[in-house]
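# Here's a sequence, model it:
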Amino acid sequence: MSPRKNNTLTIVGWSDPKKGKLYKGKVKKADVNRKSKCLRVIIENLNPSQLGRIHEVNLPLPVRPGNRTYSFLTACGIDATTVGTKVCLDDITGAAIGMRFGAVAQDGSQQVDFEGIEDSSSTQPDISTEDSGDQSGQ
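Model (predicted):
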């Protein structure tokens, strides 16, 4: 008889996003938290090394030209240059965006900068940008 094999899984952590690298993402949800006066955005990472990872980002309100929320909306393809423009948050759901992560702060938070990318990249991750590093969870 052959020895019995255990059917087990090992839980591993996500590798940290590389600082300054462009990661492709897809906006899954955006809503306004009126109590904390921020735009809460949920983004699915589409890069092969981070595929399926969810990032939740709180962006400041109101939207002002040049602030992080403005950069996020612009990355989603929204023309936010005209004061008084109204944005339907349902219009940004599914938008393909680029994310660049900064250094991790002492509290564990991480700055994210946004930029526009081609829509076709949201359906097919570009494997040429895949990290070649160890993904064993370290």
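
# burial count for the residue nearest to residue 116 when sequence neighbours are not counted?
Using C-beta to C-beta, 6 or more residues apart in numbering and skipping the chain neighbours, the partner closest in space to residue 116 is residue 75 (4.8 Å). All C-beta spots, glycine's among them, are computed from the backbone N, C-alpha and C. A count of nearby residues for residue 75, using other C-beta atoms under 10 Å, gives 21.

# so what's residue 75 up against?
Neighbour list for residue 75: 95, 97-98, 114-117 [criterion: C-beta atoms under 8 Å, 6 or more residues apart in numbering].

# and residue 6, that's in a strand?
No - checked against DSSP: H, G, I helix; E, B strand; the rest coil, residue 6 lies outside a strand; its state is coil.

# re earlier: look up how far residue 25 lies from the residue nearest to residue 116.
Using C-beta to C-beta, to the nearest Å, one gets 9 Å for the distance from residue 75 to residue 25.

# what's the overlap in contacts for those two?
When contacts are counted by C-beta under 8 Å, 6+ apart, residue 75 and residue 25 have 97-98 as shared neighbours.

# List the contacts of the longest strand seen in the chain.
For the chain, the strand with the greatest residue count under DSSP state E is strand 22-33. Under the criterion C-beta under 8 Å, 6+ apart, residues 17, 38-47, 50, 54-55, 58, 61, 76, 89, 92-101, 115, 117, 121-122, 125-126, 129 lie in contact with strand 22-33.

# Please check those and keep the buried ones.
Neighbour counting with 16 or more other C-beta atoms under 10 Å marks 17, 38-39, 41-47, 50, 55, 76, 92, 95-101, 117, 121-122, 125 as buried within the contacts of strand 22-33.

# Of these, which belong to strands?
Applying DSSP E to the buried ones among the contacts of strand 22-33, the entries found in strands are 38-39, 41-45, 55, 96-101.

# Out of these, which is nearest to residue 65?
residue 39 (15.5 Å; C-beta to C-beta).

# need the contact list for the spatially closest residue to that closest one that is not a sequence neighbour.
Leaving aside its sequence neighbours, residue 39 sits nearest to residue 59 (C-beta to C-beta, 6+ apart; 4.4 Å). The neighbours of residue 59, taking C-beta under 8 Å, 6+ apart as the test, are 38-41, 68-69, 72.
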